[in-house]
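> No letters, just coordinates:
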């Protein structure tokens, strides 16, 4: 059921309670709700219908038990009031405050339950997604991008999961921006519970959104539909790290279906966590080079959103765009202009700094590189001392005992 | 008739002289042993009776009472068999009363009169000497252990008959064990410890091993399976300075009390390497039991205690190490006894960085963040707080295995350790300290004095790495050892930075994200 079909039903505000009842079951995607609406014409009519009639409409697709027993056992008005009093909100697809972006995706979710607020239509939104078990490299990229987006008042949409999701969202909020977490469980449940800090922050600096009714416990099958909302709420999707077979790539598939721009961060060949992103680039995803270059592209492509808000045209525009743009001259310029400057260090330290990368290395790895270059080596201990000095000066970080990465500002 | 025979019992790792008093009187025939005698001692009467009978000596049907004085001290040992036997023979006037005077007896007796080895002979002989006793008769197997104490004639006996012969005739039916000069034993007893040059690559870990051995700093190694963590640990006893005689006597006493002396060996001359399995109970680790016995930590006294797979050890067992790590000894108090065993060990730990072992190599490690946190969270914070050095090993690559370059050898490393050791000996002469790792905060200001530039660096380290007061002192202690290895009077920035690079970062083990 697309947005036009939904709007044509002409469901009024006074039917919210009944619509709330229809959504009281954690359907996957929209579930059988469109079929019910089509058959009965409105949520109220459905509520007044007999058990047999509803069971007939649901047919074999879904078990009517949950929906019917909810109706039988509860006073749905009381339940609705209780929900509204709890501070949570709900937005239905036919209502004004429903995010414009979601309206134009195929089969938009009919209800969004949320705490906090929904992403604004006139602000740019970016989904930052990636592996839960990410590497230090992914961690660094996520932190960097989240911070840049937060500073530039671009909403960060993600799944509040471990790894890339949580890191980028935390960074965005710390930088003063807003972020929205889309969950695969009820919005009143913090999943994973160890991200409770982020969950609390999202309540005030953004929102927690779910298509599932409150109280729904997380289940694996709830996550792919959740991913559809993550990409649906965004203007572009950035994949920082992903394996070839991963949930992240499911989100990418959904995003492509919705006509969103896909950006992928390149990684070193042979790194399993970059195999997915490198593959995406091979298939025509846009190259993620740095927060600055990325935001440059974003502003260029979606500038109108900030003045006029997201419109149907934006949605249809994306469909027409070629999957891959050859980088224009301008982009080349902006990239070289943003190449990280080398810090002011003496020759010895600079040499070590140059050998560092965003991938963790030990002093022994660096010693090996030096030997391969036939340069004079200060020995493992000497290298270690210099690495410590670089850490103190803020040019390197020690990510775990004995492992060092370059630090970019 | 009443007689008094000398023997001894073990208390902790020391021995206490016990008077075995025997009285044979008229009355209903009975045989009683009194004086806080444990089951082992009570059973002696049956062994003694049979042994005497089988040697052709009949016990008269009379009232026999044996008292072990001091009576309040609990005794759980079979070593009283021989003194009880001798005491009865004297009381029966089978032996002349004067023949046993001034002789200490120790030994378990078999039903045929054979004398079997017992625990704790060295401490007993040392106690005998302290009491002015000049002669001891001990089981043959334990004779060499007792023979290292100068000024006491130790005779090893293999059966009851020869002891009786000796006491009656004073002939050479049992020979005194030749007094062995302990100093001479050090060379011949050396056990071969594998050499460090078999460890390929891993230069940083080897460096950490040197610092650890030089200052007796506890060390934690993390790394994937097969990186060589156990290999390095096994080689550390080889770079520790050789045992001194007092240390060796102390260690031998512990081994003797624990009944762990190798047969025929007179002295423990090398630092041991104890690597208990992670299922070890806390009692086995620190000692205890119904009859007090030293635990693994006391057997690792002045040696290496290696805990492989640290997170797998039971929490109770690991927490037990806290006090011994501070006090260098363990006080075991039970309802029936309180004993103190020395436990000054060098703690070396090894662990994988995650359950599968390959983190942070995400190409191989698929452990979830939760699993890693749970795994690392198993390590007790207070123990981590007492670990001075932390180093990471990486997997060995094929080119390391085939490379010509072997890096540091045991001989190079022990030279470095010895140098640092000598400096410490000079510095701590007349103080309570022996190693840099023992330094307390109040003395640190004096011994680890920093220059202006170094103080500034330390301040920077403190801020940048958000150190705690404890880790601040830890870096100072380790840098003192590094300076000693380099033979430098002052601690320089170089030493501080290196010490900081080995710091166990608690953040790595807690709240990783």
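Right, received. Where do you want to start? None of the values given here were measured: they were computed from a predicted structure.
> Does residue B:233 lie in a helix or a strand, and which?
Residue B:233 belongs to helix B:229-239 when assigned by DSSP states H and E.
> Excluding chain neighbours, what is closest to the residue of the stretch 301-450 of chain B found nearest chain A?
In the stretch 301-450 of chain B, no residue comes nearer to chain A than residue B:392, which is 3.6 Å away by CB to the nearest CB. C-beta here means a position set from N, CA and C on the backbone, and glycine is covered the same way. Counting by CB to CB, 6 or more residues apart in numbering or on different chains, residue B:392 lies nearest to residue A:402, which is 3.6 Å off, once chain neighbours are set aside.
> ok, whatever residue of chain A ends up closest to chain B - contacts?
Residue of chain A nearest chain B, by CB to the nearest CB: residue A:402 (3.6 Å). Contact partners of residue A:402, counting by CB atoms under 8 Å, 6 or more residues apart in numbering or on different chains, are A:362-363, B:204, B:391-392, B:501.
> same check, this time on residue B:105
Contacts of residue B:105 by CB under 8 Å, 6+ apart are B:5-7, B:20, B:82-83, B:86, B:136-137.
> Restricted to helices, list the residues you listed.
B:82-83, B:86 (DSSP state H).
> Could you dump those residues into TSV with neighbour count and distance to chain A added?
Shown next, in TSV, are those (neighbours: other CB atoms under 10 Å in any protein chain shown; distance: CB to the nearest CB, whole Å):
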residue	neighbour count	distance to chain A
B:82	29	57
B:83	27	58
B:86	29	63
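> Nearest to residue B:179 among the residues you listed?
residue B:82 (21.9 Å; CB to CB).
> got a list of what residue A:174 touches?
A:147, A:150.
> and it, how far is that from residue A:185?
Taking CB to CB, to the nearest Å as the measure, residue A:174 falls 25 Å from residue A:185.
> Surely residue B:153 and residue B:133 touch.
No. Shown here, residue B:153 and residue B:133 do not form a contact pair, counting by CB atoms under 8 Å, at 9.9 Å.
> of these two, who's got more company?
Ranked by neighbour count (other CB atoms under 10 Å in any protein chain shown), residue B:153 and residue B:133 place residue B:133 first, with 19 against 15.
> So that one, which state does it fall into?
For residue B:133, the assignment made with DSSP: H, G, I helix; E, B strand; the rest coil gives coil.
> State the phi and psi torsions of the residue positioned nearest the centre of chain A.
In chain A, the C-alpha nearest the mean C-alpha coordinate belongs to residue A:158, at 2.4 Å (CA atoms, centre = their mean). When read as degrees, to the nearest 10, the backbone of residue A:158 gives phi -160, psi -170.
> So for the longest strand that chain B contains, what gets flagged as buried?
The longest strand of chain B (DSSP state E) is strand B:14-25. Across strand B:14-25, burial judged by 16 or more other CB atoms under 10 Å in any protein chain shown covers B:14-24.
> What of stretch A:256-264?
Using 16+ other CB under 10 Å as the test for burial, stretch A:256-264 gives A:256, A:258-264.
> Over to stretch A:106-115?
Those buried within stretch A:106-115 under the rule 16+ other CB under 10 Å are A:107-115.
> Would you reformat those residues as CSV and include secondary structure, pLDDT and distance to residue B:294?
Listed next are the buried residues of stretch A:106-115 as CSV, based on DSSP: H, G, I helix; E, B strand; the rest coil; pLDDT from 0 to 100; distance: CB to CB, whole Å:
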residue, secondary structure, pLDDT, distance to residue B:294
A:107, coil, 87, 73
A:108, coil, 90, 74
A:109, coil, 91, 69
A:110, coil, 89, 73
A:111, strand, 92, 70
A:112, strand, 94, 68
A:113, strand, 95, 65
A:114, strand, 95, 65
A:115, strand, 94, 61
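> now these as CSV including distance to chain B?
Compiled in CSV, these are given as follows (distance: CB to the nearest CB, whole Å):
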residue, distance to chain B
A:107, 32
A:108, 32
A:109, 28
A:110, 33
A:111, 31
A:112, 28
A:113, 26
A:114, 25
A:115, 23
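> which parts of the stretch 51-200 of chain A sit against chain B?
With CB under 8 Å from any CB of the partner chain as the criterion, the stretch 51-200 of chain A meets chain B at residues A:132-136, A:162-163, A:166-167, A:192, A:194.
> okay, the buried residues of strand B:14-25 in TSV with pLDDT next?
Formatted as TSV, these follow (pLDDT from 0 to 100):
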residue	pLDDT
B:14	91
B:15	94
B:16	94
B:17	96
B:18	96
B:19	96
B:20	96
B:21	95
B:22	95
B:23	95
B:24	94
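> Check those residues one by one and keep those near chain A.
Contacts with chain A are made by none of the buried residues of strand B:14-25, judged by CB under 8 Å from any CB.
> Going by distance to residue A:103, which of the residues you listed wins?
Relative to residue A:103, the closest of the buried residues of strand B:14-25 is residue B:14; by CB to CB it sits at 87.1 Å.
> sorry, back to before: tell me the phi and psi of the residue of the stretch 301-450 of chain B closest to chain A?
Per-residue torsions, residue B:392: phi -110, psi 140 (degrees, to the nearest 10).
> quick one: contacts for residue 59?
Picking chain A for this. With contact taken as CB under 8 Å, 6+ apart, residue A:59 is in contact with A:32, A:35.
> meant chain B, my bad for not saying
B:31, B:49, B:52-53, B:88, B:92.
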